[in-house]
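A.B. asks: Provide a 3D model corresponding to the input given below.
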Amino acid sequence: MSEAVKQMAVSADDVMGQTGRAATGIGQSVANIFRGMVDAYRKNRAVGDLRQLDKRMLADIGIDRSEIVSAVYGGVDRVRR
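C.D. replies: As a prediction, the model looks like this:
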């Protein structure tokens with residue numbers, strides 16, 4: 001095998017490796033975006049479900065109507081004033 005052919009083979013291997021790494025990175029980015037969309041959908045659905053509950057049912061689970069979004073997205077300060 002000539003030296004030029006060997007260099008082309010090495011270059012092709014390098015390109016394939018770089019392409020594979022780039023594809024993996026793109027795939028991970030797409031997966032992260034999808035996970036974020038699913039998470040946002042679930043949280044929005046939870047907020048909607050909680051908003052359908054009456055005041056007494058919300059009190060039974062320990063939140064006030066004004067705390068629904070906070071409870072779903074970040075937690076509620078459990079110290080009652």
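A.B. asks: Name the next helix or strand downstream of the lowest-mean-pLDDT helix or strand in the chain, please.
C.D. replies: In the chain, no helix or strand scores lower on mean pLDDT, DSSP states H and E than helix 3-51, which sits at a mean of 82. The first helix or strand that comes after helix 3-51 along the chain, using DSSP states H and E, is helix 55-60.
A.B. asks: quick one: average pLDDT of that next one?
C.D. replies: When the per-residue pLDDT values of helix 55-60 are averaged, the result is 96.
A.B. asks: So residue 65 sits against residue 56, correct?
C.D. replies: No. With contacts defined as Cβ atoms under 8 Å, residue 65 does not count as touching residue 56, sitting 11.1 Å away. C-beta here means a position set from N, CA and C on the backbone, and glycine is covered the same way.
A.B. asks: neighbour count winner among these two?
C.D. replies: Summary of the neighbour comparison: residue 65 and residue 56, criterion other Cβ atoms under 10 Å, with residue 65 having more neighbours (12 against 7).
A.B. asks: show me the contacts for the more buried one.
C.D. replies: Residues near residue 65 by Cβ atoms under 8 Å, 6 or more residues apart in numbering: 51, 55, 58.
A.B. asks: Among these, find me the one that's closest to residue 20.
C.D. replies: Taking Cβ to Cβ as the measure, residue 20 sits nearest to residue 51 out of these, at 46.7 Å.
A.B. asks: Make sure the closest one is actually in contact with residue 66.
C.D. replies: No. Under the criterion of Cβ under 8 Å, residue 51 makes no contact with residue 66, lying 11.2 Å away.
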